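Colleague: Sequence below, structure please.
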Amino acid sequence: MNFDALMAEAVQLAQRGRGEVEPNPRVGCILLANGEVVGRGSHEWFGGRHAEAAALAEAAAAGRHPDTAIVTLEPCSTPKGENGKKTEPCAQALVAAGVKRVVLGSLDPDPRHRRHGIEVLENAGIEVIDGVAASLCDPILAPFRKALSLDRPWMLCKWAMTLDGKTAAPTGEARWISGAAARRRTHELRARCCGVMVGFRTAQIDDPELTVRLVEGKQPIRIVVDPLGEIDDDSNLVRTARQAPTWLLASEDVDPRRSGHLQDLGVQVVHVPTAEGPRRLHLGLAFAELRRRGLRRVLVEGGGGLVAQMFAWNCVDQVLAFVAPKIIGGRFAPTPVAGEGRAFMAEAWRLHDVRYETIGEDFAISGFVGGE
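Modeller: Below you'll find the predicted structure:
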């Protein structure tokens, strides 16, 4: 049987999760019964079913009982709930399904779990063949390997801009740059993240809700980077803080009375140290605190000042930009990444694993920063 060809197909399945599953790994799975494909699956979004579970469900729906699993990555063995894990372990699911042979591409890059899934399978009497087409499977795990090295959440920066790179008119008005399909996509992203974050200026000027409304899904924690606690009491975020969880990342030096008042209104104030002055938080420590509190994937929706600081702190992992077929002009109109920028083109932050697609009337560009 040509396991290499089947593994190559499984890699293509895994790539369906590109940009959607991080910081988790992209995984594809193909199930066989007597040499015939009876199930295919992939891990399609963060918090969704794992590839093995999706393939097993497809096989079960067809009334088939697989005897062989082709999987791009060693099946997970961590119990649900441990380390924030959202799903049941796939190694046990394959055992329960009666699979007799598992063909693997890559071993788990996480040293805490490496070969544990194989151990579960072999202890159940399942034949394991590993290292099949590993040269195809290993490269798609690059973002996962990067995520394993981080002490903060995976940070996805998303913005909408005009064709000439503006995120608002010179007046600050920004509704709506992107079309309905891109806005719906943003709500899908919110529902598939642990938190959604904006800077103080964006919270002040746009007065966003940062809620999941256009799709069904779980509401992420809303986070405002606001060193001095200047957010308005009557802003949408503060007024609805008791209905949707809202955190404020503020300086340790912010007036205690202000912090107490915001907490009385339902906002959870998270105090972190500053860097380079009272209006700039130490983002490394701030984001490490978010990770300590259980957040693993955060969607950042601006503004340009916050995103610029994040690039300076090497805290941007992934970018998604919606480009609208509009031109607004104006040298004072804001851009998605403000700050001082890079002095020379050779120093520009470069995206890799870039994808281009059309979403409604807009053009979307996505890619990863670092970890090539």
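Colleague: quick one, strands of the stretch 151-300 of the chain?
Modeller: Under the criterion DSSP state E, counting those that start in this stretch, the stretch 151-300 of the chain contains strands at 154-162, 195-199, 221-225, 246-251, 268-272, 297-300.
Colleague: could those strands be laid out in JSON lines, adding mean pLDDT, distance to Phe363 and mean neighbour count?
Modeller: No exception for glycine: its C-beta is placed from N, CA and C like everyone else's. Converted to JSON lines, the strands of the stretch 151-300 of the chain look like this (pLDDT from 0 to 100; distance: least, C-beta to C-beta, whole Å; neighbours: other C-beta atoms under 10 Å):
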{"stretch": "strand 154-162", "mean pLDDT": "97", "distance to Phe363": "10", "mean neighbour count": "24"}
{"stretch": "strand 195-199", "mean pLDDT": "97", "distance to Phe363": "23", "mean neighbour count": "25"}
{"stretch": "strand 221-225", "mean pLDDT": "98", "distance to Phe363": "28", "mean neighbour count": "25"}
{"stretch": "strand 246-251", "mean pLDDT": "97", "distance to Phe363": "32", "mean neighbour count": "25"}
{"stretch": "strand 268-272", "mean pLDDT": "96", "distance to Phe363": "36", "mean neighbour count": "17"}
{"stretch": "strand 297-300", "mean pLDDT": "98", "distance to Phe363": "20", "mean neighbour count": "25"}
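Colleague: Of these, which is nearest Val99?
Modeller: strand 297-300 (30.3 Å; C-beta to C-beta).
Colleague: I'd like to know which elements that closest one is packed against.
Modeller: Strand 297-300 is packed against strand 154-162, strand 195-199, helix 304-312, with contacts defined by 3 or more C-beta pairs under 8 Å, 6 or more residues apart in numbering; DSSP states H and E.
Colleague: that older thread, ok, which of the strands of the stretch 151-300 of the chain comes nearest Phe368?
Modeller: Nearest of those (C-beta to C-beta): strand 154-162, 9.8 Å.
Colleague: Which elements pack onto that closest one?
Modeller: Here strand 154-162 touches helix 180-191, strand 297-300, helix 304-312, strand 318-324, going by 3+ C-beta pairs under 8 Å, 6+ apart.
Colleague: Please identify the most buried of these.
Modeller: Mean neighbours per residue, mean count of other C-beta atoms under 10 Å, is largest over the helices and strands packed on strand 154-162 for strand 297-300, with a mean of 25.
Colleague: Note down every partner strand of it and its orientation.
Modeller: Applying DSSP bridges, strand 297-300 is found paired with strand 154-162 (parallel), strand 195-199 (parallel).
Colleague: contact partners of the shortest one?
Modeller: By C-beta atoms under 8 Å, 6 or more residues apart in numbering, the list of residues contacting strand 195-199 from outside reads 153, 190, 206, 208, 210, 220-226, 247, 290, 295, 297-303, 305-306.
Colleague: The same query, at a cut-off of 6 Å, please.
Modeller: For strand 195-199, the external contacting residues (C-beta atoms under 6 Å, 6 or more residues apart in numbering) are 190, 210, 220-225, 295, 298-303, 305-306.
Colleague: Report the residue spans of the stretch 201-350 of the chain with pLDDT below the cut-off.
Modeller: Applying pLDDT under 70 to the stretch 201-350 of the chain picks out no residues at all.
Colleague: Spell out, range by range, the helices that occur in it.
Modeller: Using DSSP state H, counting those that start in this stretch, the helices of the stretch 201-350 of the chain run over residues 236-239, 256-264, 283-292, 304-312.
Colleague: Would you mind putting the ones you listed into CSV with distance to Glu127 alongside?
Modeller: Converted to CSV, the helices of the stretch 201-350 of the chain look like this (distance: least, C-beta to C-beta, whole Å):
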stretch, distance to Glu127
helix 236-239, 55
helix 256-264, 57
helix 283-292, 38
helix 304-312, 47
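Colleague: Pro109 is nearest to which of the strands paired with strand 297-300?
Modeller: Going by C-beta to C-beta, the one of the strands paired with strand 297-300 nearest Pro109 is strand 154-162, 15.1 Å.
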